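[1] Pasted the sequence and its predicted model underneath.
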Amino acid sequence: GNARRHKMAAPCVRVCRRLVGRSGASAATAAAGRLERGSGNNTKAHRYYSTSPLLCQCVALKQTDSAEEIVIPRKKTWDKLAVLQALAATVNRDPTAAHYRFQDDPYLIPRTSPEFRLYSLSQESGCYAAKYIVNTYPKFFQKDFAEPSIPCLMPQQLEPLLDEVTEEALKECIQLGRVKDSVDLYDQLVQAGTPVSLETTNTLLDLLCVYGDQEPPRENQLEAGAAEDQNEVNEDPQKRRRGRLRKATDLLTVTWRVNNNAERIFNLMPERNEHTYRAMIRGMVKYAAYAKAVNMYTDLLNNRMRADVHAFNALISAVPELKEAYNEKIDFILELLKQMAEQKVQPNLLTFNSALKSLRRCGSNAKGLSLQIMNEMKFLNIEPSLATFDHLLGIFYKSGASSQLPIDVIFSLLDEIEGKHFEPKDPDDVNFFISAMKVCMDLKDLELAYRIHNVLETGANWKLLGDSYQRSIYYGRFFNIVCMMESIDVVLKWYKNLIPSVYYPNVQGVKDLLQALDTENQLQLIPSIWKDIKRLGHANKQDLVEEVLELMGRDKHSPELQVAFADTAVDIMSYYKQTQHRNLQWTATSLGNVTALILRGGKTQDAWEMLPLFKANNRVPSKGLLDEFLNHAKESSNKVLALDLVKLAGSFSLPATAEFLDRVTTDFDLTEEERRSLDDLDASSSSSSGSSSSDSDSDRE
């Protein structure tokens, strides 16, 4: 028995020794010792052996007649945010809450779209202000409290440490991004006869070409510039506004100037290499000097040098600005791609994206070439990005040609991207979802819209939706097609799911919802929608308010619903009376709808008090509204109201005054005095109508 146990334990001992040899684990050593001791006659060791999990594994190995080697997996290096990402994946978005960035201060949680923009910009301004203070006064922020240290939160070195005129000082200025100081220092070195290495000069050219020979915008430099120009500001306010606008949008307005510092330094260089030409080409394309970029590329070829993939990408993106005819653009793109192959330059994703982006401006001739480019990407194992698919949509789906939209292309694209997790690889990635949802609206395809939205919600693809403005466009289009083609129950489900957590609808979005309610005959929800309209800040929009009143006042409903409509109309009327809502102006339609709604809600006196507002605002009540008043007076046997109504119609010189007189005389028991007053009113209205008709005849003559 002992020999048998020893025989069974031997493979396990060998396995444990392998473990010790690989991992050095003390637990495996102890297990091996226990196994060797357990091979004797000691009953205690036998009892231990019988309950050991490791020995149970050995028995299983014996039973299967195979001694499999245990392979310990390699150590996995986790990302620093892996735990937080795993925890975040377990929490779904709360559709009733605003964005998490506003959770720190409940008072500043936005409830409207303008507030969302304001609070977002305020938060960013606070970050910039904090950076400005820290970088302007770094000596007060030297102690690092963070464990581990977070270098990006510490003061940045913005001032050069070297004062002498040396190449090392020039490198420091270039690293700090000080364009003007770097150029001045380079000129001093050249004038002093100090040679500057080709590498340093190329680095200076990189800086000039990236920022277009302008100082890069920084928060503290913008404020400092404003302080320096204070005297000039006081003298000329118009010049002050122009100056601030120029500084705030520096990168958007700067263009490549003739004989700027980049060109001057390039011409002064005693020697140039491929990096020199490549930097100039990219800078010229970036700042709209397209013809100069092509000439620079020609000089590069004449010097028997090769461009790199980034220079080719810049040239391909500039093709629509260099050529006018569609065929010329396509031929130039093909020529550049051919030269890449001849120079053995490996294209990347941005190469093909630049080609597709240029082909968007080549008309229908670009469709065949775009498909060839996609096949080439597949052949080179280059994974497309969302920008790639966005450019394909732009090539095949032209605005204004909805009758000829090829539906197979977008379905093929969706088959390709569904279930995939995308990462940002191209600045144009953020345009895909907006363009795809626009195609869904043109095709009026709800199923396609749902598929695109599922792609958006896959993983972290929502991060590629862009900024708040682009998100508003996407969700506005998605909500529009849902309201247009879904049942009202589904529309309300999406309404509650999207608002206000990710979408603040604009006026058109609310109109789409109201149209869906009207289509499904669910107008009883309008009072609750009006509360949302107020919360979203749209209660002062004239066309939206009039549409709400029109939907409520168009037909008659149950008494309970009419009371709710009357309360809503009274609330709307309060907005008209507020002086801060000056863009709300009473029209004859809005006055008539509010008055009718209040009257139908049983508030006769309040409705009657609305009628003087017609004269105060130079508006004329409609015949239908006065008929409704007269019907209400008849139902309630209110003779006084009927007489006052006829007098009011006479004061407006309405053509229907005679009809109202006949109805009051027929439907009510009038005294002789009341009849005489009505006859006098009839005579005066007849004379006034006759004079008005004669005046109109004379005008025609």
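    That came through, no problem.
[2] Just list the residues touching the residue nearest to residue 559 when sequence neighbours are not counted, thanks.
    By the measure of C-beta to C-beta, 6 or more residues apart in numbering, the closest residue to residue 559 outside its immediate chain neighbours is residue 602, 7.8 Å from it. Using the backbone N, CA and C atoms, a C-beta is placed for each residue, glycine as well. For residue 602, the contact set (C-beta atoms under 8 Å, 6 or more residues apart in numbering) comprises 559, 562-563, 566.
[3] Mind telling me what element the nearest residue to residue 677 once chain neighbours are set aside is part of?
    Excluding the flanking residues, the one nearest residue 677 by C-beta to C-beta, 6+ apart is residue 643, at 7.8 Å. According to DSSP states H and E, residue 643 maps onto helix 639-651.
[4] next SSE after that helix?
    helix 657-667.
[5] got the angle between that next one and helix 639-651?
    In terms of direction (axes from the mean of the first three to the mean of the last three C-alpha atoms, to 10 degrees), helix 657-667 departs from helix 639-651 by 160 degrees.
[6] Buried residues, helix 657-667. List them.
    657-661, 663-665 (16 or more other C-beta atoms under 10 Å).
[7] which SS class is the residue nearest to residue 559?
    coil (DSSP: H, G, I helix; E, B strand; the rest coil).
[8] any idea of the pLDDT on it?
    The model reports residue 602 with a pLDDT of 86.
[9] Tell me how far it lies from residue 566.
    7 Å (C-beta to C-beta, to the nearest Å).
[10] now residue 133
    Residue 133 is 56 Å from residue 566, by C-beta to C-beta.
[11] so where is the chain shaky, pLDDT-wise?
    In the predicted model, the chain carries pLDDT under 70 at residues 1-67, 157-158, 218-253, 399-406, 579-581, 680-701.
[12] Relative to residue 631, how far out is the residue nearest to residue 559?
    14 Å.
[13] One more: residue 596?
    According to C-beta to C-beta, residue 596 and residue 631 sit 11 Å apart.
[14] between these two, who's got more neighbours?
    The residue with more neighbours, out of residue 596 and residue 631, is residue 596; 26 against 13, by other C-beta atoms under 10 Å.
[15] Just the buried positions in the helix holding residue 643, please.
    639, 641-643, 645-646, 648-650.
[16] before we move on, what about stretch 461-476?
    461, 464-466, 468, 471-476.
[17] Include distance to residue 546 and secondary structure when you put those residues into TSV, please.
    TSV is the format used below for the buried residues of stretch 461-476 (distance: C-beta to C-beta, whole Å; DSSP: H, G, I helix; E, B strand; the rest coil):
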residue	distance to residue 546	secondary structure
461	40	helix
464	39	helix
465	33	helix
466	33	coil
468	29	helix
471	29	helix
472	24	helix
473	25	helix
474	28	helix
475	25	helix
476	21	helix
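[18] which residues touch residue 593?
    546, 549-550, 552-553, 569.
[19] Sorry, wrong one. I was asking about residue 206.
    residue 279.
[20] Buried residues in the helix or strand hosting it, which are they?
    If you go by DSSP H and E, residue 206 is part of helix 198-211. By neighbour count on 16+ other C-beta under 10 Å, the buried set for helix 198-211 is 200-211.
[21] cool, stretch 184-194 as well?
    185-186, 189.
[22] Over to stretch 167-183?
    For stretch 167-183, using 16+ other C-beta under 10 Å, the buried residues are 167, 169-174, 176, 178-179, 181-183.
[23] What of stretch 287-301?
    So stretch 287-301, judged by 16+ other C-beta under 10 Å, has buried residues 287, 289-290, 292-294, 296-297, 300.
[24] Just the residues you listed: which are in helices?
    Within the buried residues of stretch 287-301, residues falling in helices by DSSP state H are 290, 292-294, 296-297, 300.
[25] now, which of the buried residues of helix 198-211 sits nearest residue 425?
    Nearest to residue 425 out of these is residue 210 (C-beta to C-beta; 20.2 Å).
[26] what about the nearest residue to that closest one once chain neighbours are set aside, how many neighbours?
    Spatially, and ignoring its direct neighbours in sequence, residue 210 is nearest to residue 283 (7.1 Å; C-beta to C-beta, 6+ apart). Using other C-beta under 10 Å, residue 283 has 27 other residues around it.
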